[in-house]
Every structure is written in structure tokens, then in C-alpha cells.
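Enquirer: Here is my input, please return the structure:
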Amino acid sequence: MLLQLTVIRAYSTYWINITNPRIHAFTHPRIVHTHAGATTTVTTTEALPEPYAHCKPLTSFASGIINAPAEKVADFLRFDKTLDNLAADFFAGMTVASANTGNSVGCFRSVEFKDGPLAGVNVVEEKVGEDTATGGYSYAFVPEKMTYPTPFFPCVVDKYIATVNICDIGDGRTMLSYTGSCVADDVAVGQASIKAAFDGIIALTQKYVGGGAIARPIHDEDDELTPAWLTTALNERGNLPVGVTVTSLNFLNLGEGRGYAGKTLKIYDVKYSGACELPDTFVLKVPNYMMESIDWGKSIFTMCDLGFRQENHFYENCSDKHPLELPTMYWIGEEPNPEPDRKMPRASILMSIVEDPGMIKQIDGCSESDGKDFLGALAKVQAVWWNSAELDKADWIMDSETIGNFKQQVMAEALPRMAGIKEFFDMDGGAELYEQLKKACPQVAHFNELCGGNGKSMCHGDARTENCLWPNQRKDPLVLIDWQFVSYSSPLSDVCYFIGVCLNPDEQDKYAETLIRHYYDTLTTSPGGPSTTEYPWDTFMLDYKRCMWVSMWVSCMGIANLVSIEEMAVSHKGTPEGESFQTLRDNMVPLLMSFMERHLHECKRCDAASIL
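Expert: Here you go, the predicted structure:
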């Protein structure tokens, strides 16, 4: 499989990474058994040189719907035709020489670069397996015949094998997927590189034999959110009947000026060209690209990039096991981000809309009954995933160490900037809280680690009332949304964040203890959760105090970034951009100050400062 060298973005519907060496024992693949509908690779024990022994196993995956029959897709991607069919896009601007010895198992194909930075490099692949039922096949690098290790990859790659899977879905369309396995000295870079190539092949197959490009994530909704785009996105997952298209739509922004990381677009009045059971209203989540003009700090951009991709994986990997209602996911798309520490991610999710959502404004506080609903639902989720072996080995979700280090780094970046925020120090107790935060900051990662040692689960990461829906006048089950910042860590960070930012001080005094106890009782009595012996109440409450400091990273970040927002509003004064920044600041100031006032009060109520 040849990595593209021109700019072909990732157009995947989803991808899966597997890096657990207990699952995949990679040796030099040479024997492949086939049966109808699938290709099975059997590995031998032939080993490559010791210099690659330090490499770690990985698997990367991509798939998409091609609007063409399986036999047409199979012919286009035949082992001896693929290079010629894709050369114009893959090797644009370069001189290459390609060759092949046929289409049977044991045949070879090769490409040699004649100019450019890869001049003199050659790549050779052998067809090592064939699925005669559908036209899929497997192929592998041939190290002894090629430049090795190949500079094709931005990391060292060994024992590379890939499989093309072609599945006829019965209505003139085909599910095309690629799976690549290897060992590499950089798992993340290797996965991303292989996936980008697979995504490009799938997109080009759709372009040349499927009649059009696969949908790309939305960057500018005014120019890109069109009936043609929605038609393509719905076709990718096989949602639209054959021949039916979207003929018109309208959309509006449901969250203008309210959020940091993302925007939520409501797509409504969707009209179709023929009979269709799909809804006429959708929700599209896209990044808030206005953030790119503000100096939020490297950590925040990196977190946002990871967060959007995590939410994609959450819907792909966890929805079947999730004990709560989730919106229906119709399409997911993501592209590589060339500057993840400076740019927002290129990713979008198209979902069903929750009608009559019954959302509570966070600044208005939270009733005791609503708090019990929220925390009870959260506890049931976290009981299901308690000390989960599945999440423990998953490489798509942030682990406890990663999220703890991240929160500490964000707080460390925020505190010096917070010193210049007048509104914060005008707050009663603001100066005292600032000194406590300076003491807590160097301990945040350690506190998070100590709590995780007592139990980990799926943490929402932004557990607040505005990410909870009570549909149909509260007659339908509660829905938790916005799983961008999900992690596998101590769930107490979610509980502390909810109590600390959603309840006002009077509510905290009246029933915070009742809500905390309700969460604990639900967690320890729900299927999968710990017993009271495994997680005693006293240990739980000690973790609560620790996580109260861990959970304050969001509020610190928000307060600190008021400086940058104000600077952008002033520098763009009198322009639409300036008005947008001013709107953002006007909306965020009362919200962020209420966060801090509530956090401060809850810290005093639970005596969180006693552990500093």
C-alpha cells in the first residue's frame, strides 16, 4: 500500500486503533487462508532483523460507502491496477515508474521515485492473500526487494500487511474498508499515516467509480453546508435510499458565542427528492474556528483536537454498551490536523436532534430533583465502565495520567494570566482562592492519580446541566450529550465539577451533601459498580476533596482567557469579528465568575483546602 504524497485529506467514516501486544503477535506474514467473504492472515515465525525489535504493534482502519457495485470497485482496486488508477492523484508533480507482475497471489507491484525528496526510493508489495468471493485481498511489504526501512513513512515501520475488504451491501453500493497492521517505533504517527492513506484511497475510489467525493468535515458552514454535502454525508453510511438526494435545507447556529470548543448547527426543513424515512432535522457539531484567532495556549488547542476525535470514537465504540439514551449518529468525518497545537480540529458529527430538550441554563442553578436525575444517570454510566478492562487497553481515550497532566498544565498556564483579571479579584474571597490555587496546581496530577488508584471509569469531562437534556416534558429518558473530553480516570472529577459549577452557594448548602450521597449510593448499587467495601464512603469523600481542585482547571482556563478575548474584541472593534468577540466575552464573564464563586463556596463547604 502506497502512502500519498500529495495533499489528499482524510475522509473516513471511522477508524479503529489496536495497540495491545497481547492481542496482536506480529511476525513476518506470508501465509494467507481464504474463505468466502473474508480474508484470514496466518503469520509465520520468520523474523526480520533485530534493529526493529523496539517497535510496537499497531492496527489502523478506515471504511466508507462507495456508490457503485462491488464488482466495479473490485476491478478498480485490483492489485495490478491500483497504482495506475490512483497515480494521477497520489503522485501528482512527481516522476515515478511503476510495474507489476500480475494479479495472482505471489505477484508483486512496485513504484520507484525518479525525482523529488524520495528520488531513488522504491517500494515493493506482494499479494499474499485473495478473497475470491468479493475481490478483496491482502498485500505486504517485501523488505528484501525495496528501500528499507522505507522513508515513505514518517516513522520506522516493519512487518507491514494490509487487507482490502469489499462488501456488496445489496443496493448497488459497496462498503469498502482497509485494515493495516505493522509494528512501528511511533504508534500514533504510524496509525495516523496509514489511516490517512486508506482514507485517501477510499475517497479516490468514490471519486472515480462512485460518482463523487466522500463528505468532508464542515469548516465554513455558510459555504459548505449545502444539500449536496448532506446528500454525500448521508450516503456514506448508507442512510439514503438509492437515487434519493437532499434538494434543500436551512440551518442556524444554536450556540453562538456560548462555547469554547464547538458550535452546534441545527439543520432543518430538509427536503428529499423521493420517498425517505430520514428526519427533516439534524444536529451538526463542528469546531469553533473563531478560537484559532485567539492565543488560548498550546494545551487547549491540543485538547480540542483530541477531544473532537475522541467523541467520534465514543459514538463508534461505546454506544452499544452505554446505559443511557444517545442521539442517533448519521455521519462522522475527520481530517488530519497539520497544526494540532495551533489549529482547531477538522472534524464533524451529524446526529439526530432531541426535540423539546428541556435544557437547563447553568447560570440559573439546579434543583435537588434535577441534580439527582443528572448524578444518578452519571453514576449508572460510570458503574458500567468501572475499572473497565476495555477502556484500560483502549488507545482512543485519554487515560488517567494523560488527563491529570493536561489539567495541571492548563492550570499552570492559566494562573499567571488570571493575576490580571480585575473581576476575579473583585470577587469576595478571590485573592484567597488564588493563593489556594497556586498551592493546588503542582499537585493536580498527583491528586488525580491518587483518586484513580481507588477506581477509574468513563468520565464525561464536561459534566454540567447544559450538557444534559430532559426530553418531551421529562417524560422520555434523560440524555447526556457532548462527550468530547471523555477520559478513563476517577469519576469524582465529574461529580466535583457538577457540584462546583452547577449549584449556586445556597443550593450547595441545602443539598450538595444529599446529591453527593445519592451519586455514591447509585454508583455502589448499579450493575458493574464497586461495592461499599471496595470503595468506602470515607475514601470516596477524600477523593472528592482532591478532585475539587482537579476539576477547577476549566474555570481557571476560562477566566485566564478573558484577557485574550478582550484583546481581540478591542483590536477588531467596529468589525463583525470584533462584535463576535465582544459577544463571547459578554456571555462568558457572568458565567465564569459564577463558576468561580460556586467553586470557592464548595471548597469551603467541604474543607477542600485541608488537603493542600
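
Enquirer: Asp462 versus the closest residue to Pro477 other than its chain neighbours, what's the distance?
Expert: Nearest non-adjacent residue to Pro477, counting by CB to CB, 6 or more residues apart in numbering: Glu325, 4.6 Å away. Quick note: C-beta positions are derived from backbone N, CA and C, even for glycine. Computed as CB to CB, to the nearest Å, the Glu325 to Asp462 distance reads 18 Å.

Enquirer: Work out the gap between the helix or strand in which Cys547 is found and the centre of the chain.
Expert: Following DSSP states H and E, one finds Cys547 within helix 537-550. Relative to its chain's centre, helix 537-550 lies at 28 Å (CA atoms, centre = their mean, to the nearest Å).

Enquirer: same check, this time on stretch 490-509
Expert: 26 Å.

Enquirer: List the buried residues for that stretch?
Expert: 490-505, 507-508 (16 or more other CB atoms under 10 Å).

Enquirer: In helices, which of the residues you listed appear?
Expert: The helices, defined by DSSP state H, take in 492-502, 505, 507-508 from the buried residues of stretch 490-509.

Enquirer: Give me the distance between the two termini of stretch 89-98.
Expert: In stretch 89-98, first residue to last residue: 14 Å (CA to CA, to the nearest Å).

Enquirer: Compare Glu325 and Asp462 and say which one has the larger neighbour count.
Expert: Legend: neighbour count by other CB atoms under 10 Å for Glu325 and Asp462, higher for Asp462 (22 against 15).

Enquirer: so that one makes contact with Asp482?
Expert: Yes: taking CB atoms under 8 Å as the definition, Asp462 is a contact partner of Asp482 at 5.8 Å.

Enquirer: Burial check on Asp586, number of neighbours?
Expert: With other CB under 10 Å as criterion, Asp586 counts 12.

Enquirer: Could you check the angle the helix or strand encompassing it makes with helix 537-550?
Expert: Asp586 is part of helix 576-605, with elements assigned from DSSP H and E. For helix 576-605 against helix 537-550, the angle by axes from the mean of the first three to the mean of the last three CA atoms, to 10 degrees is 150 degrees.

Enquirer: Centre of the chain to helix 576-605, how far?
Expert: On the basis of CA atoms, centre = their mean, helix 576-605 sits 26 Å off its chain's mean C-alpha point.

Enquirer: Helices of the stretch 151-300 of the chain, start to end?
Expert: For the stretch 151-300 of the chain, applying DSSP state H, counting those that start in this stretch gives helices covering 187-209, 221-224, 227-236, 298-317.

Enquirer: and the longest one, which residues are buried?
Expert: The one in question is helix 187-209. For helix 187-209, the neighbour count (16+ other CB under 10 Å) marks 187, 189-206, 208-209 as buried.

Enquirer: now the second one
Expert: The neighbour-count check on helix 221-224 (16+ other CB under 10 Å) flags Glu221 as buried.

Enquirer: Residues contacting it from elsewhere in the structure, which ones?
Expert: Under the contact criterion CB atoms under 8 Å, 6 or more residues apart in numbering, helix 221-224 has outside partners 216, 218, 251, 253, 265, 284, 286.

Enquirer: Grab the most central residue of the chain for me.
Expert: Arg309 (1.7 Å; CA atoms, centre = their mean).

Enquirer: which residues sit in contact with that residue?
Expert: Applying CB under 8 Å, 6+ apart, the residues contacting Arg309 are 334, 345, 347, 396.

Enquirer: Tyr289 too?
Expert: By CB under 8 Å, 6+ apart, the residues touching Tyr289 are 219-220, 344.

Enquirer: mind running it again at 6 Å?
Expert: Contacts for Tyr289 (CB atoms under 6 Å, 6 or more residues apart in numbering) come out as Met344.

Enquirer: what's the distance between it and Ala463?
Expert: In terms of CB to CB, Tyr289 sits 26 Å off from Ala463.

Enquirer: for Ala440, same thing?
Expert: Taken as CB to CB, the span from Ala440 to Ala463 is 20 Å.

Enquirer: ok, Ser571 - how many residues close by?
Expert: With other CB under 10 Å as criterion, Ser571 counts 12.

Enquirer: Need phi/psi at it.
Expert: Main-chain torsions, Ser571, degrees, to the nearest 10: phi -70, psi -20.
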